Each structure stands twice: as C-alpha cells, then as structure tokens.
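> Have a look; sequence and predicted model below, questions after that.
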Amino acid sequence: MNLEELQHRFQDIVLTKECTYADWVSEREGRLPSRDRLAIYHNAYRIRLIDVLRENFAHTVIYLGDHWFNQLASDYVQSHHSTYNNIGYYGHQFAEFVANQLPVDKEVAELAELDWVLRRVFDGKDSVPLTMETLPVLVSQDPDNFCLTPVPTMTLITHEYNTLDIWHAIDKDSTPPEVIALPQQVDVLIWRKEHSPHFRSVSPLESLALQWVHEGHAVNEIGEALQNRFPDVDVSNEFGLMLQRWINDEVLAFHV
C-alpha cells in the first residue's frame, strides 16, 4: 500500500461503527493484538468528540444527565463525522439531531441550540460597536436612506417552550422548572457585548425590526413597514427606544 491508501484504510476503521480487524497491521509477540491496538484509536476518536460535545452543550448535559446525553452524543458522533480543522466547531447539527431523536421533548433541542449559539457568539468575529457619538456620523452619510448594521455575532432564534427559564435555573445550579409550552413563540436575541455572550427575549416588533436591519433595509423603510404591520403602535417612539437600547447593549456595529 502507498501512504494515501494506508490513510484511507485506517480512517475507515476509525469511522466504522465496530472496530474491525486489519490484516495489514503486523502482529508481534508480547504486544497487544492488532485489533486491540486499532481499537485504541477507534475509541479515542469517539471519546474526544463526545468530550467536545459535552463542552459545547454544557447546560444540555446537566439537563439530560450524563448517561442520556452521552448516548445521544455517541449516536451523533457515529452519524456525523468531524470535518473541521478546528474541533471546537464540531456539533453544529447537534440541536437538529436532538430534535429528531426527542420529538416529544422539544425543549431539549431548544436548550441545545441556545448552548451552541452562545458558544459560537463567544468566539465570533469582532467589530466596532455603534455609539451615540458615532451615530450622527453614520446618519450624515445618507440622511434619507441610512442603514444600521448588526454586530457579526447577532443571532435570532425562536423558542416554543420556557427554555430560557430552564437555562437560567441550570446556570444558577437550581432545579429547572417544569417544562411549559409558551402561549405564543418567543424570539431570542443573542449577541456578544465586549467579551461576554448575552441574550434576551424580544417582542415581535423588535424581532422583525432586527431581521430587517440584518437584511440591510434603510431605517426609513423599516419604520414605514413596521407601522403598516403594527398600526396600533407608535412606531416612531418604539423604534427610538429600541435604537437607544441596541446602542447601549452594543448590538449594532459602526461602519462608514
């Protein structure tokens, strides 16, 4: 065998669900059988990836318990091979996988998604936050059609259950509350302020405004569209309050 063929065969053994025998691995007296030696790498690959999942989904681990989480993680590792040079990115489909495996316990998938996004926000791309002092500079570029820019780490996710309460209880080492379906789904804003991930629930109006900001619509267009969507709301006042909070919370980036 040449080196490339040897690498492919070794990889096949590592990735196969059950470790197999390889006649191209030499046997020597006084050493472990070749299959046992291969099993070391076969098992180490899985253990390392499960450890990564446990780190990336720390609150989900606590919520499910070690046994249940490790079983899900083991099944995920077998069906989702690592394709990243940076192993920290492993697990981007885990929340979706959990949703398919536990269709009745939807709060688990929501908790896993929250864990994942917060983890990715932590090491997301840096940016210069917009401030009240730099806002006039931005507006002066095109007063009638200026746009706001969210920070690169801003993300919106949707919850159908009281998953935020569950996450906060776990974070405080308290007993999680009983799972409750929310009267209506709630959008959650996630971003990084300085070096810390932050998140909070947002109203339907704010969620829609942030989505349109992210899509690059001009502020005037957003205001008009919001007023059409929420005719009973003083959108001018609400948008002004939201803008001030976004700036204070460093949800917006400064670009000229």
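Received the coordinates, thanks. Residues are numbered from 1 along each chain as shown.
> Contact partners for residue 220?
Applying C-beta atoms under 8 Å, 6 or more residues apart in numbering to residue 220 gives the contacts 144-145. C-beta here means a position set from N, CA and C on the backbone, and glycine is covered the same way.
> all strands in the stretch 151-256 of the chain, in order from the N-terminus.
Applying DSSP state E, counting those that start in this stretch to the stretch 151-256 of the chain gives strands spanning 155-161, 181-193, 196-202, 252-253.
> highest average neighbour count across those strands?
For the strands of the stretch 151-256 of the chain, the largest average neighbour count (mean count of other C-beta atoms under 10 Å) is found in strand 252-253, namely a mean of 21.
> Distance from that one to the middle of the chain?
20 Å (C-alpha atoms, centre = their mean, to the nearest Å).
> avg pLDDT for it?
Average pLDDT, strand 252-253: 98.
> Likewise for stretch 187-199?
Here stretch 187-199 scores 95 as its mean pLDDT.
> what's next to it, contact-wise?
Residues outside stretch 187-199 that contact it (C-beta under 8 Å, 6+ apart) are 114, 117-118, 121-122, 124, 150-151, 153-159, 164, 200-202, 204, 206-207, 210, 249-251.
> quick one, which of the strands of the stretch 151-256 of the chain is nearest to residue 139?
Nearest of these to residue 139, taken as C-beta to C-beta: strand 252-253 at 12.6 Å.
> So what touches the closest one?
127-130, 148-152, 213, 246.
> which of those sit farthest apart?
So, the contacts of strand 252-253 by C-beta to C-beta: farthest apart are 128 and 213, at 16.6 Å.
> higher neighbour count, these two?
The residue with more neighbours, out of residue 128 and residue 213, is residue 213; 22 against 11, by other C-beta atoms under 10 Å.
> correct me, but that one touches residue 146?
No - Residue 213 is beyond contact range of residue 146, at 11.5 Å (criterion: C-beta atoms under 8 Å).
> buried residues in stretch 67-84?
By neighbour count with 16 or more other C-beta atoms under 10 Å, stretch 67-84 contains the buried residues 69, 72-73, 76-77, 80.
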